[in-house]
Each structure stands twice: as C-alpha cells, then as structure tokens.
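**Q** Sequence and predicted model, in that order:
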Amino acid sequence: MPRNKVNYAKLLEGVQKVIKRGDYPKFLRMVNRIKNDYSFRNNLLVYVQNPNATIVKGFCEWNKLGRGVKKDPRTIFIYIPIRYKKRKTIEGQQDISGKEKKQRKNDGTIEEIEGITYKRVAVYDIGDTYVKKGNKRIPILDDRIDSNTTENLYETLLEISPASVIIKEINGIAKGYFSKSENSIVLNAALSQDDKTAVLIHELCHCLYDNFEYAIERNKSEIFVESVSFLVADYFNFDTSICSFGYIVNWSKNDIKQFMQLSNKIKETADEFIELIKNSKYKQEEISA
C-alpha cells in the first residue's frame, strides 16, 4: 500500500480515538490556541501526537523568532502540499485529422502533467524550544477578545444578523431555531444571557454559512454548525458547555471519512465568523471585559 494511504488510515484511526474518548471539544480548544495556519487535518495530527501542544512551528520558523529546538524534542509530524510538474511521453498520440495536439519529439508526444503531492515535515511545540543566546524573548501575540459577560457580544451578533431575532417561549426542549423561509432566528425566552448568546451563534452559523440540504444532510449540518459555534464561543472566552457533541460519536463510527471532508470547512468558517464579529461596527473595547 502506498505510504500516503497508510498515513491517511492512521490519521482516520487517530481521529476516531479522539472522538470516542470525548476529546473533540478539547481538540477544538487547541485549534484556537495553537496560533498557526495549518489545515484542520494537520491540527488533528498535532493533537493526536501531542494533546498539550500550544504554539507549534517548524525548525526554521522557530529560528526566525530567535528560538532554537532543544535536544531530543517531542517531534510532531504534519503534511504540507507541494505542487509538481512532470513530463510524460505518449507514443504516437495524434488527433483524428493526423495533426499533433501537443509538442512532438522523435520518441512521441510530450505531455506536461501538474498535480499536488504531500511531504511529511517535522514541527515542534514551543515547550521544546529555548531562547537563543543574544536574542530577546519575542512574545507570541494573542488577539483574543476576552469577556466576563456575553451581553455586549450578544448585541454585536444582533447587529450583524441578516435575519430578525425573536425572543419567545418555545414548547419542548428546543433552545432556538433558524427559519429560512421566514428569515428569522427564534430564541427560547427561558434561556440565560450566556445561553442566548451561545444559541444565537449556533443559529447565525446556520443562517450565514450552512449550505447543506438539511432534510438529507442533517448530521453533516449539525456537526459543522456545532463545531464552528464551539470555536467562536471559545475564542471569545465564554462557557461552551451548552454545545453538545454526543451525537458525533455515533455518527463518526460509520462516517469518519465524511467527517474529515468537513474538517477544513469548519476551521475556515470559524475564522471567517470570528473576523466578521471583530470587524463589526462595535469597537473591540465594547466586547472586551
């Protein structure tokens, strides 16, 4: 079996272990704190190999920051995409009229093939690095917006919502829902302020970013939306316990590959949602504690 196939199988196995252990929320928190532009899959690889990783970079990147890698570090492997071009000779390839479609040499038609392959590279957590002699300690900037209350964040979400937000009593256990036909988000009046904020993030994600056919892709939709909601709520540093991932365990048993297909979409959407909130007309100080 090709090496990359073996590695992908190991990755899927590692993801299943993370999910079955109930570590998915812990992994999502790591995605927020790790401060890199890795793909969701590479962040999964980092977590599987070192769940306690915080800031991860390659050897050369650490050197640029004035840090060296310690002796016998805990090496973490990720995969980076590399574009390639190669020339392939096709004997006597001609079109119907006998005219050659591509450049032809004595040994046949030459075709250029482009593609992407993946290379395994080593990266290291900041805990396995040290400040080089003569270099100043360079702080890793953290632009997280902390808040002791979600009230201001809630007001910001109301401002950016393209759908009307309605507060009313809802029968049953539903905390809220988004109605596409009515272009409205309904929140249960019985919820606390923090829970209203968390549910509003969830329903706004349905409204702004969820392009799944809910009737036939409900699981995909909820995995995607709940994961994005968790990342956004965690970024703004408030309680994410209202987010529930119980159904992921059962769904992922048979559909782990489908789950992986959602991976980059989850991270990219969370980043976009966070930037939308930060760049709203409300100043950051109004969200900060």
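**A** In hand now; what should we look at?

**Q** Run through the strands of the stretch 1-150 of the chain in chain order.
**A** Under the criterion DSSP state E, counting those that start in this stretch, strands of the stretch 1-150 of the chain are mapped to 56-58, 67-69, 76-90, 104-105, 108-125, 129-131.

**Q** Where among those is average confidence lowest?
**A** Per-stretch averages of pLDDT across the strands of the stretch 1-150 of the chain put strand 104-105 at the bottom, with a mean of 50.

**Q** wait, Lys57 sits on Ala122?
**A** No. Between Lys57 and Ala122 there is no contact under C-beta atoms under 8 Å: 10.6 Å. For every residue, glycine as well, the C-beta is placed using N, CA and C.

**Q** and the two? which has more neighbours close in?
**A** Under the neighbour definition other C-beta atoms under 10 Å, Lys57 and Ala122 were set side by side, and Lys57 has more, 21 against 12.

**Q** ok so, going back, out of the strands of the stretch 1-150 of the chain, which comes closest to His206?
**A** With C-beta to C-beta as the measure, strand 76-90 is the member of the strands of the stretch 1-150 of the chain nearest His206 (31.0 Å).

**Q** Give me the helices and strands touching the closest one, please.
**A** If contacts are counted by 3 or more C-beta pairs under 8 Å, 6 or more residues apart in numbering; DSSP states H and E, strand 76-90 sits against helix 40-49, strand 108-125.

**Q** Now do that strand against helix 40-49, angle only.
**A** For strand 76-90 against helix 40-49, the angle by axes from the mean of the first three to the mean of the last three C-alpha atoms, to 10 degrees is 140 degrees.

**Q** Could I get the buried residue list for strand 76-90?
**A** Neighbour counts over strand 76-90 (16 or more other C-beta atoms under 10 Å) mark 76, 78-79 as buried.

**Q** now stretch 27-37
**A** By neighbour count, and taking 16+ other C-beta under 10 Å as the criterion, the buried residues in stretch 27-37 are 27-32, 34, 36.

**Q** circling back to that earlier point, looking at the buried residues of strand 76-90, which is nearest Cys205?
**A** Ranked by distance to Cys205 (C-beta to C-beta), the buried residues of strand 76-90 are led by Ile78 at 27.3 Å.

**Q** Which residues are in contact with the closest one?
**A** The contact partners of Ile78, taken as C-beta atoms under 8 Å, 6 or more residues apart in numbering, are 38, 42, 45-46, 120-121, 123.

**Q** out of these, which is most surrounded?
**A** Each of the contacts of Ile78 was scored by neighbours using other C-beta under 10 Å; the highest score is Val123's, at 26 neighbours.

**Q** That residue and Val46 touch, don't they?
**A** Yes. A contact is recorded between Val123 and Val46 when judged using C-beta under 8 Å, the distance being 7.4 Å.

**Q** returning to that earlier point: make TSV out of the strands of the stretch 1-150 of the chain and add distance to Glu203.
**A** Rendered in TSV, the data for the strands of the stretch 1-150 of the chain read as follows (distance: least, C-beta to C-beta, whole Å):
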stretch	distance to Glu203
strand 56-58	33
strand 67-69	43
strand 76-90	34
strand 104-105	60
strand 108-125	36
strand 129-131	42
